[in-house]
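Sequence below, structure please.
(one chain, ligands or ions: 1)
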Amino acid sequence: MSPNNILVINCGSSSLKFALVNPNQNEFAISGLAERLNSPHAMITWKQGSDKNSLLIPDGDHKDALSQIMPYVQEVCQGNLDGIGHRVVHGGTHFTAPHKITPDVLSEIERISPLAPLHNPAALQGIHAALEVYPDLLQVVVFDTAFHQTMPEHAFRYCLPEKYYVENNIRRYGFHGTSHRYVSRQTAKFLNLDIGDSHWLSAHLGNGCSTCAISNGQSLDTSMGLTPQEGLCMGTRSGDVDPGLFGHLIRTLNMTSNEIDDLLAKQSGLLGLSGLSNDMRTLEAARERGHKEATIAIEVFCYRLAKSLASMACALPRIDGLIFTGGIGENSPLVRGRTVSWLKLFGFDMDSEANAKFVGGKTGLISTANSTPIIVTPTNEERQIALDTLLFLEDKQ
Ligand code: ADP
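Numbering: from 1, shown residues only. Purely as a prediction, here's the structure:
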């Protein structure tokens, strides 16, 4: 295997997702997931070429998972691992770009943790585990929020008294930055445009969903805010609700803040609306059978997405293209078609044949010749993290 092998790690509180990325190759040579960590049912599943494997590691933690995985990773890259790239959700206002890991960087991630109490401590666990296993290897952190640090103040401030911003860092941060950055660059290349002189609307639609306005390679606005709760209807997240809802639920249903958090983050969105599933495939199949709630869930999802894209357009001087990405964006002609049907005013016109064709990880133009371009561009956050990590390797040489 040629050099430039980067292991990309993405940790949750009880999980560790990994992929060995070589930017010269399209497929990951090995990738997998350790889940239910710190429980008797901890296990690792991984794919190496066309082989699928699994291993139980009862009560194993992040470090145990990594220690089990590493021999396979090293075997695949013949001992030539060049670095590790870690995904970290929240970089606050401090991190505007990827960083090489140093003790100062780790302290800063820890300091920001109250902004992402579930995610940042989990990422730190993964980083500490990787540092223990490979103390001398280049390790880099790439933040979901960093790309959005170019948002102007009129886009990132909430209409709250200033002291909450100044004293408590309450402002809009945005997430999915690695994906929006990656797909905007890929799409500019695909359409032969210079990323430094181009303007995009981007819709990342996975379990979490967000839109972004990208101008000359910089994020000018995005739909997620202080937390990934703001904005679109998502798999299980409500997205925007009336802020008056919180007080109303407390007063009328006696709900606690934890119950409200759980309601809005885990029981709402597509799952809540349909009463069936958070999975768009299941909802599309149910809609085909005439399931009323699944049908309305998809309609709400698409209408709210269109409204968000329309509002993002305010940030741009012109629109060179609308990008669909993420599991739903890359695979659902239905969602793409329903969403674009609300955006005729912006000059978007779908080519339904092309829309049906570009699924399953294909990049393609799905609009008619007269339309503002609409493009399906598969995201690849692992690849972007590997590319970011490699830049530090090149710096070193
Ligand atoms: P995550 O945010 O967890 O990375 P993904 O980007 O994989 O999620 O997206 C998951 C979503 O993509 C799910 O709602 C899933 O139903 C949807 N999806 C995947 N394939 C299809 C498909 N063929 N048609 C419609 N939706 C799809």
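
Now for the residue of the stretch 151-300 of the chain found nearest the ligand, how many residues are close by?
Scanning the stretch 151-300 of the chain for proximity to the ligand using C-beta to the nearest ligand atom identifies G206 as nearest, at 2.5 Å. C-beta coordinates here come from the backbone N, C-alpha and C atoms, glycine included. By other C-beta atoms under 10 Å, the residues close to G206 number 18.

and S210, helix, strand or coil?
strand (DSSP: H, G, I helix; E, B strand; the rest coil).

need the residues of the stretch 151-300 of the chain near the ligand, please.
Within the stretch 151-300 of the chain, the residues that sit near the ligand (C-beta under 6 Å from any ligand atom) are 206-208, 235, 279-281, 284.

out of those residues, what pair is the most spread apart?
Maximum pairwise distance among those (C-beta to C-beta): 19.0 Å, between G208 and E284.

Between the two, which has more neighbouring residues?
G208 (21 against 18).

just checking, the more buried one touches S179?
No: the pair G208 / S179 is not scored as a contact, 9.9 Å apart, by C-beta atoms under 8 Å.

Could you look up the next helix or strand downstream of the strand or helix carrying N53?
Secondary-structure assignment from DSSP states H and E places N53 in strand 51-56. Per DSSP H and E, the first helix or strand lying C-terminal to strand 51-56 is helix 62-76.

What angle do strand 51-56 and that next one make with each other?
With axes from the mean of the first three to the mean of the last three C-alpha atoms, to 10 degrees as the basis, helix 62-76 and strand 51-56 are set at 150 degrees to each other.

Buried by neighbour count: which residues of helix 62-76 qualify?
Applying a neighbour-count criterion of 16 or more other C-beta atoms under 10 Å, one finds 62-66, 69-70, 72-73, 76 buried in helix 62-76.

I'd like those residues as a markdown table, with distance to M312 appended.
Formatted as a markdown table, the buried residues of helix 62-76 follow (distance: C-beta to C-beta, whole Å):
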| residue | distance to M312 |
| --- | --- |
| H62 | 36 |
| K63 | 41 |
| D64 | 43 |
| A65 | 38 |
| L66 | 39 |
| I69 | 39 |
| M70 | 42 |
| Y72 | 42 |
| V73 | 39 |
| V76 | 40 |
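
Can you list the helices and strands that the strand holding N53 packs against?
Other helices and strands packing on strand 51-56, by 3 or more C-beta pairs under 8 Å, 6 or more residues apart in numbering; DSSP states H and E, are strand 43-48.

hey, C-alpha coordinates of the strand it packs on in PDB?
Taking Å, rounded to 0.1, in the frame of the first residue of the first chain, the C-alpha atoms of strand 43-48 are listed here in PDB:
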ATOM      1  CA  MET A  43     -18.300  -5.600  20.400                       C
ATOM      2  CA  ILE A  44     -16.400  -4.600  17.300                       C
ATOM      3  CA  THR A  45     -17.600  -5.200  13.800                       C
ATOM      4  CA  TRP A  46     -15.400  -4.300  10.800                       C
ATOM      5  CA  LYS A  47     -15.100  -4.700   7.100                       C
ATOM      6  CA  GLN A  48     -11.700  -5.500   5.500                       C
END
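
Done for today, thanks.
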